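Colleague: Provided below are the primary sequence and the corresponding predicted coordinates.
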Amino acid sequence: MKGKEWYQADDVAEEYDAKRFSRGGRLIDRREKQAVLDAVGPVEDRSVLEIACGTGRFTVMLAERGADIVGLDISDAMLAQGREKARQAGVDDRVEFMRGDAARLPFPDDHFDAVVAMRFFHLAPTPRKFMAEMARVSKDQVFFDTFNDFSTRVLYNRLLPMGSHLYGRDEVEDLLGSADLELADADHDFVLPYGFYRKIPDAMAGQFRKLDTAIGSSPLGEKLCSVSWWNAQVG
Amino acid sequence: MKESLMEIVCCPMDKHDLELDADERDDGEIISGTLTCTDCGESYPIEDGIPNLLPPDMRDGA
C-alpha cells in the first residue's frame, strides 16, 4: 500500500502519532511545534488555516494558544483523530475540521491571517498549484516546511512508504515567486533525519540531538540540514 | 461543524456561497446535512459533524 491509500487507512491514522512521536520522536514533535510558534505566534485571536492538518498536532496547539483555526485534510480517519484531540484539550469551540482539496480550497480570497502547511510539500505532486491556493486565501502569512535535497534525507527517503519530494533553496524561492509570496524568514535543522530519532532509544536521542544542533548551527549547517521551515509574506 | 462556519466556507469549485440544510443538530453543532452551492448547485455532505468539501471528482468512489 502506497501514497494516498496508505495515508487514508484507518489503522495508519490511529497509530500515526504513537509511531512517529514516541521515543526520540518527541524531540521532533517539540522542535516542529517550536518552529510553528516562532513563525506564526503569538496567535491569540488570529484566524489560521492549517492545510493537511492530519491528526491535528499543530491545529490543537494553535487553538490552545488562542487562534481561531480551521484544519483541512483529505482523510476523514485523520480528522477523526484531530477532533478527539481537540475535545480532550477542551478547544473544540475554536477549531473546525473539514475534508477538502488543498488545490481547490473552499474559502474566499484573503480570508486568513496565516496559512500553515507542515509535512505537506514533500508529498505534493503539484506544489505550484498548492502554493498559489495557500497564497490566495491568506492575507498576510504563509508558513511551511520542506525536506531538503543534498541532506541525509536522501538516504532515508528510500525507506519510506510514501514517495517524497526533496527541495533546495532555489526551488523554494521559485515556488514562492510563482505565488507572489516574499520570503521573510527561514530556519533549518536536523542534520540527522527524523527517521533516525524515531529508531534510537530516548536516552541516546538527547546526545545525538546536541551534536546535531551543533553541526546544524555551524556555517555549513543550512546545506546539511534535512528540514527547512519557510516563513513567507503575501506580496 | 458549527453554524458560524458558514461565514467562512464557499464552494471549492467556483467559490460562491453555500446554503446549509441541516438534518441533525446536537448542542449547536451540525452533525449531518448538506451544503449546496448557490451558483453551480453542487452539494457537499456533512457527515459525523465534519463537512466534506472535497470536489466531486475526489470524493470516495469518484
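Modeller: Looks like it came in fine.
Colleague: tell me which parts of chain B are close to chain A?
Modeller: Counting by C-beta under 8 Å from any C-beta of the partner chain, the residues of chain B lying close to chain A are B:1-2, B:5, B:8-13, B:15, B:47-55, B:58. Backbone N, C-alpha and C define where each C-beta goes, glycine included.
Colleague: rerun that using 7 Å as the cut-off
Modeller: When proximity is defined by C-beta under 7 Å from any C-beta of the partner chain, chain B lies next to chain A at B:1-2, B:5, B:8-13, B:15, B:50-55, B:58.
Colleague: mind listing which of these are in helices?
Modeller: Cross-referencing those against helices under DSSP state H gives no overlap.
Colleague: narrow those residues to those in strands?
Modeller: Using DSSP state E to define strands, the subset of these located there is B:50-51.
Colleague: put the buried members of the residues of chain B next to chain A into a PyMOL selection.
Modeller: To isolate the buried subset of these in PyMOL, counting by 16 or more other C-beta atoms under 10 Å in any protein chain shown, use the following:
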select buried, chain B and resi 1+5+8+9+10+11+12+13+15+50+51+52+53+54+55+58
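Colleague: check the secondary structure at A:Pro42 for me.
Modeller: Using DSSP: H, G, I helix; E, B strand; the rest coil, the structure places A:Pro42 in coil.
Colleague: per-residue pLDDT, the closest residue to it other than its chain neighbours?
Modeller: Beyond its immediate neighbours in the sequence, the residue positioned closest to A:Pro42 (C-beta to C-beta, 6 or more residues apart in numbering or on different chains) is A:Arg65, lying 7.2 Å away. The predicted local confidence for A:Arg65 comes out at a pLDDT of 97.
Colleague: so A:Arg65 sits right up against A:Val43, yeah?
Modeller: Yes: taking contact to mean C-beta atoms under 7 Å, the distance of 5.2 Å between A:Arg65 and A:Val43 places them in contact.
Colleague: so where's chain B uncertain?
Modeller: Residue ranges of chain B with pLDDT under 70: B:61-62.
Colleague: quick one, what contacts the residue most central in space within it?
Modeller: A centroid search over chain B (C-alpha atoms, centre = their mean) returns B:Leu35, at 3.3 Å, as the residue closest to the centre. By C-beta atoms under 7 Å, 6 or more residues apart in numbering or on different chains, the contact set of B:Leu35 is B:18, B:20, B:43-44, B:46, B:51.
Colleague: quick one, phi/psi of it?
Modeller: Note on B:Leu35: backbone dihedrals following degrees, to the nearest 10 are phi -110, psi 130.
Colleague: tell me the bridge partners for it.
Modeller: With DSSP bridges as the criterion, the beta-bridge partners of B:Leu35 are B:Leu20, B:Tyr44.
Colleague: that one and B:Leu53: what is the separation?
Modeller: B:Leu35 sits 7 Å away from B:Leu53, going by C-beta to C-beta, to the nearest Å.
Colleague: which neighbours do the two share?
Modeller: Taking C-beta under 7 Å, 6+ apart as the contact criterion, the residues that touch both B:Leu35 and B:Leu53 are B:Tyr44.
Colleague: secondary structure class for the spatially most distant residue from the centre of chain A?
Modeller: When each C-alpha in chain A is compared with the mean C-alpha position (C-alpha atoms, centre = their mean), A:Ala203 comes out farthest, at 26.1 Å. Each residue gets one of three states, and A:Ala203 gets helix by three-state DSSP.
Colleague: now swap in A:Leu79 and tell me
Modeller: For A:Leu79, the reduced secondary structure class is helix; criterion used: three-state DSSP.
Colleague: which residue packs closest to it, ignoring adjacent ones?
Modeller: Taking C-beta to C-beta, 6+ apart, and ignoring the residues beside it in sequence, A:Leu79 has A:Phe97 as its nearest neighbour in space, at 4.6 Å.
Colleague: using the three-state scheme, assign that neighbour.
Modeller: strand.
Colleague: what's the local residue count around it?
Modeller: 27 (other C-beta atoms under 10 Å in any protein chain shown).
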